[in-house]
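> Pasting a predicted model and its sequence here:
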Amino acid sequence: MTKKLWGSRFTKKTNTLVDKFTSSISFDKRLAKYDALGSIAHAKMLGEKRIIPLKDSRLIVKGLQSILKDLEKGRFKFDSQAEDIHSNIQDALSKKIGKAAHKLHAARSRNDQIVLDVRMYVKDELTACIKLLSLLQKSILRFAKDNSKIIIPSYTHLQMAQCVLVSHHMLAYIESLERDKERFCDAKKRTDQMPLGSGALSGTGLPIDREHVRKQLGFDRLTENSIDSVSDRDFIIEALAGLSILGVHFSRMAEDLILWSTKEFNFIDIDFSFCTGSSIMPHKKNPDVLELIRASTGRLHGDLSSVLILMKGLPLSYNRDLQLDKPPLFDAIDTVKEILEIMAQIFKHIRLNKGVIALKLMDESLFSVDIVEYLINKGLSYREAHDTVGRMVKGCLDKGIKISSLSTAQLRRYSDRLGADVKNILNAWESVNLKRSYGSTNPKLVARQLNIWSKRLNARIQIRK
Ligand code: ARG
């Protein structure tokens with residue numbers, strides 16, 4: 001069994017319940033690679049600075065490299081009885097290289113070691129999420145381009161509002177995902193600080209070189225205060241906050257698609273391979289994948305709350321409470337990566353029901369703002385125009401007729417500015433073509449946006465290769 005790193009001061013063995021309760025190996029084994037990499041950098045620095053003999057440093061590095069290989073090949077034996085990943089690797093190293101392994105922990109504490117491991121992990125995972133976000137954006141962009149000639153009714157208050165291009169709606173998702181990426185990049189900046197050398201909390205009297213370790217591990221800069229280094233978990237909270245906001249975006253996209261796939265809307269058809277059935281109702285084809293995505297938002301917010309509450313009122317500096325920042329962090333990362341992958345696939349497996357959508361566009365209430373703007377162009381004030389169109393809509397509803405069926409004389413009864421030409425704007429294409437403000441659903445502007453995003457996303461993918 002893995003040896004404790006602190007046994008000698010103790011007059012008794014710890015209770016087995018305590019061992020089980022305090023152990024973190026079941027989840028922090030995920031950090032094994034980073035723990036070994038951090039130790040390699042630390043050992044090299046210890047040798048370089050002659051804090052330990054160079055030959056011991058070389059032996060330790062060799063041992064750790066072979067542990068890294070074992071980890072890569074999946075043949076490293078994790079000890080479920082170990083207290084944590086640090087003791088597990090330390091013990092494995094002792095078994096590989098003998099006594100020299102005991103020199104590795106000089107000028108280091110698990111307090112700075114764990115935060116190093118987690119920072120390395122968060123940096124990598126945020127980068128992975130950013131890449132997956134780009135792939136999701138690309139998949140949405142593909143869908144938008146494939147359907148660039150489709151107009152849908154859009155909604156406010158879940159009431160039919162105005163016509164938009166479906167590609168405009170898709171670009172809205174792409175914009176929100178871009179902000180998620182920016183948040184991740186921003187969180188990465190503050191994660192990119194190297195804490196090793198802070199020791200338990202006060203630093204060390206040994207002549208270490210923190211810069212040496214920083215450079216080896218590719219961190220942007222050093223942490224500046226040893227107490228803060230071992231206590232700070234803001235970077236985890238920031239990552240979780242970013243993941244939570246992304247979760248909100250997921251839930252809104254999922255909700256749109258769920259609504260659109262209902263019989264009542266019937267805007268889209270989701271491929272069978274991304275739906276499930278009912279054990280009792282043979283006719284059902286349910287959007288369970290999207291529902292689970294929507295539900296995962298709660299899980300992500302729970303993960304964020306868990307760490308926020310854990311941190312609140314914690315005295316400086318390190319406290320064992322901090323061990324429990326990891327399960328929610330890991331859970332949130334796993335959840336988001338899984339959703340990012342499946343969401344990108346979903347957009348490849350939905351089809352727009354063009355006929356159904358076209359029928360919905362016959363509802364002329366969708367053009368009421370266009371008529372208001374027509375009247376403003378003819379010199380009416382906004383208020384007069386709004387009132388006029390309000391009366392027209394009411395009159396037509398009361399009589400059960402369409403605005404387009406009104407004669408010129410009937411139109412003039414609402415306003416002398418209304419001419420027969422108003423009927424030319426009572427269709428979806430005219431409605432979107434009339435929009436001209438930057439960022440609007442005007443087809444030319446939307447096409448430009450689609451091009452801009454194509455270039456942006458393709459350029460990014462190329463940089464990555
Ligand atoms: N498992 C601990 C954590 O996750 C590692 C650090 C333990 N340090 C200590 N002094 N007990 O935070």
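Noted; the coordinates are in hand.

> where along the stretch 51-200 of the chain do the strands fall?
For the stretch 51-200 of the chain, strands defined by DSSP state E, counting those that start in this stretch occupy the ranges 151-156, 159-165, 193-194.

> Mind giving me the packing neighbours of the last one?
Going back to what we said before, that points to strand 193-194. Strand 193-194 sits against helix 110-146, helix 210-217, strand 221-222, with contacts defined as 3 or more CB pairs under 8 Å, 6 or more residues apart in numbering; DSSP states H and E. From N, CA and C alone the C-beta is placed, and that goes for glycine too.

> quick one on the thing from earlier: okay, the strands of the stretch 51-200 of the chain, which one's buried deepest?
Between the strands of the stretch 51-200 of the chain, strand 193-194 has the highest mean count of neighbours, a mean of 24, where neighbours are mean count of other CB atoms under 10 Å.

> Outside of it itself, list whatever touches it.
Leu116, Arg119, Arg210, Val213, Arg214, Leu217, Phe219, Asp220, Arg221, Leu222, Thr223 (CB atoms under 8 Å, 6 or more residues apart in numbering).

> can you tell me how far the third one sits from Arg456?
Distance of Arg210 to Arg456, given as CB to CB, to the nearest Å: 38 Å.

> do the same with the fifth one
Separation of Arg214 from Arg456 (CB to CB) stands at 32 Å.

> out of the two, which sits in the busier spot?
Between Arg214 and Arg456, counted using other CB atoms under 10 Å, Arg214 has the larger neighbour count: 21 against 15.

> Now list the buried members of the contacts of strand 193-194.
Buried residues within the contacts of strand 193-194, counting neighbours by 16 or more other CB atoms under 10 Å: Leu116, Arg119, Arg210, Val213, Arg214, Leu217, Phe219, Leu222, Thr223.

> which of those lies closest to the ligand?
Closest approach to the ligand among the buried ones among the contacts of strand 193-194 (CB to the nearest ligand atom): Leu116, at 11.0 Å.

> ok so, going back, closest one of the contacts of strand 193-194 to Tyr374?
Closest approach between the contacts of strand 193-194 and Tyr374, by CB to CB: Asp220, at 56.4 Å.

> distance of that closest one from Arg190?
Using CB to CB, Asp220 is found at 10 Å from Arg190.

> Tell me where the stretch 351-465 of the chain is predicted with low confidence.
Low-confidence segments of the stretch 351-465 of the chain, defined by pLDDT under 70, are located at 460-465.

> Mind doing that once more with 90?
In the prediction, the stretch 351-465 of the chain carries residues with pLDDT under 90 at positions 459-465.

> Which residue ranges of it form helices?
For the stretch 351-465 of the chain, the helices defined by DSSP state H, counting those that start in this stretch occupy 354-360, 368-377, 382-399, 408-414, 428-434, 443-464.

> Minimum distance to the ligand: which of those has it?
That would be, of these and by CB to the nearest ligand atom, helix 443-464, which comes in at 31.9 Å.

> just checking, what packs against the closest one?
Secondary elements touching helix 443-464 (3+ CB pairs under 8 Å, 6+ apart): helix 110-146, helix 166-191.

> Compute the inter-axis angle for the first one and helix 166-191.
For helix 110-146 against helix 166-191, the angle between stretch directions is 160 degrees (axes from the mean of the first three to the mean of the last three CA atoms, to 10 degrees).

> quick one: is helix 110-146 near the ligand?
Yes: figure legend: helix 110-146 in contact with the ligand (CB under 6 Å from any ligand atom); contacting residues Arg110, Asn111, Ile114.

> before we move on, what about stretch 178-196?
No: contact between stretch 178-196 and the ligand, assessed by CB under 6 Å from any ligand atom, is absent, since the two come no nearer than 12.3 Å.

> Kindly report the residues of the stretch 251-400 of the chain close to the ligand.
The interface of the stretch 251-400 of the chain toward the ligand, taken as CB under 6 Å from any ligand atom, is made up of Arg320, Leu322, Gln323.

> From Ile401, how far off is the residue sitting furthest away from the middle of the chain?
No residue in the chain has its C-alpha farther from the mean C-alpha position than Ala409, which lies at 57.0 Å (CA atoms, centre = their mean). Remark: distance between Ala409 and Ile401 (CB to CB) = 14 Å.
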